[in-house]
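*Asks:* here is a sequence together with a model predicted from it:
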Amino acid sequence: MKGVFLFSGKVLAWLFLFLGIYVGLSFLLSYIPVNTASSNKSGPNRIYAHSNGVHLDLVFPLEMVPDQLLSQLAYAPGTTMLAIGWGDKGFYLDTPTWAELSPKVAIKAMFLPSATAMHVTEHAAVHATWSHINLSDEQLSQLWAYIIPTFRTDANGQVMELVGKGYTEHDRFYEAHGNYSMFKTCNTWVNIGLRRIGVKTAVWTPMDTGVLRFLD
């Protein structure tokens with residue numbers, strides 16, 4: 001029995017050490033920028049980054065969404081913008097509010113590579129709290145080349161909606177490619193997309209602040 005307690009203590013010690021290193025690197029690397037020559041202000045195509053306090057979405061005016069994707073997304077009259085995010089499927093579907101977050105869902109999302117989903121939300125207008133990014137035509141095209149393949153499609157090339165799983169009548173979930181983990185979070189997905197197209201952002205971040213601190 002003593003050996004069991006000793007082993008358990010060592011496992012916990014290594015776990016806390018690992019988490020400490022992870023948290024430390026998360027903060028450190030989220031402050032180190034890439035694409036420092038970019039001002040994020042020069043392009044004619046203004047998109048937005050929106051956070052609910054934890055999770056980031058990229059928000060696009062409808063006219064900037066490629067027809068091949070827009071034609072497959074349902075949205076209500078009066079919608080002028082669509083917010084698009086990627087994240088853990090179980091977290092998305094089983095945790096509509098933070099009060100409903102269970103230890104099982106949180107542990108699985110952080111420590112086990114898990115299935116993912118795309119979340120698309122309708123907006124009628126720009127919110128004052130959103131950060132903006134001005135992209136060139138080429139950057140916008142490259143960003144869509146990153147986003148669109150993340151949607152999983154059926155044999156006919158159509159995006160696969162998770163019918164009836166939205167939180168309200170103004171948002172929907174779709175099947176996605178990729179696995180979620182503590183090393184690739186919803187915010188990491190946004191950060192990678194912006195980093196690849198030359199936008200000033202963090203070298204790596206699992207947190208929304210690692211992206212937002214470099215935006216206007």
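*Replies:* That came through, no problem.

*Asks:* switch to C-alpha atoms for all contacts and neighbour counts from now on
*Replies:* Fine.

*Asks:* neighbours around residue 53, how many?
*Replies:* For residue 53, the neighbour count with other C-alpha atoms under 10 Å is 9.

*Asks:* which one is the residue sitting nearest the centre point of the chain nearest to, not counting chain neighbours?
*Replies:* The chain has residue 186 as the residue nearest its centroid, 3.0 Å off, counting by C-alpha atoms, centre = their mean. The shortest distance from residue 186 to any non-neighbouring residue, by C-alpha to C-alpha, 6 or more residues apart in numbering, is to residue 87 (4.7 Å).

*Asks:* are we agreed that the one you found is in a strand?
*Replies:* Yes: counting by DSSP: H, G, I helix; E, B strand; the rest coil, one finds residue 87 located in a strand.

*Asks:* residue ranges in this protein under the pLDDT threshold?
*Replies:* Regions of the chain meeting the criterion pLDDT under 70 cover residues 1-19, 39-41, 95-112.

*Asks:* quick one: the strands in it?
*Replies:* For the chain, applying DSSP state E gives strands covering 33-34, 45-51, 56-61, 81-88, 116-123, 131-135, 171-175, 201-202.

*Asks:* any idea which of these is most buried?
*Replies:* strand 201-202 (a mean of 28; mean count of other C-alpha atoms under 10 Å).

*Asks:* partner residues bridging the residue nearest to residue 62 when sequence neighbours are not counted?
*Replies:* Closest residue in space to residue 62, ignoring its immediate chain neighbours: residue 81 at 5.2 Å, by C-alpha to C-alpha, 6+ apart. With DSSP bridges as the criterion, residue 81 is bridged to residue 61, residue 123.

*Asks:* relative to residue 63, how far out is residue 81?
*Replies:* Going from residue 81 to residue 63 by C-alpha to C-alpha, to the nearest Å gives 9 Å.

*Asks:* go on, residue 124?
*Replies:* Distance, residue 124 to residue 63, using C-alpha to C-alpha: 13 Å.

*Asks:* and these two? which has more neighbours close in?
*Replies:* residue 124 (13 against 10).

*Asks:* give the contact list for the residue lying closest to the more buried one once chain neighbours are set aside.
*Replies:* The shortest distance from residue 124 to any non-neighbouring residue, by C-alpha to C-alpha, 6+ apart, is to residue 79 (4.6 Å). Contacts for residue 79 (C-alpha atoms under 8 Å, 6 or more residues apart in numbering) come out as 122-125.

*Asks:* and residue 207, by the same measure?
*Replies:* With C-alpha under 8 Å, 6+ apart, residue 207 has these contacts: 26, 30, 54-55, 185, 187-188.

*Asks:* cool, residue 183 as well?
*Replies:* Counting by C-alpha under 8 Å, 6+ apart, residue 183 makes contact with residue 206.

*Asks:* any idea how far it is from residue 21?
*Replies:* For residue 183, the distance to residue 21 (C-alpha to C-alpha) stands at 13 Å.

*Asks:* what about residue 127, how many neighbours?
*Replies:* With other C-alpha under 10 Å as criterion, residue 127 counts 10.

*Asks:* residue 55 is in contact with the residue nearest to the centre of the chain, correct?
*Replies:* Yes: between residue 186 and residue 55 there is a contact at 6.4 Å, judged by C-alpha atoms under 8 Å.

*Asks:* overlap of the contact sets of the two?
*Replies:* With C-alpha under 8 Å, 6+ apart, residue 186 and residue 55 have no common neighbours.
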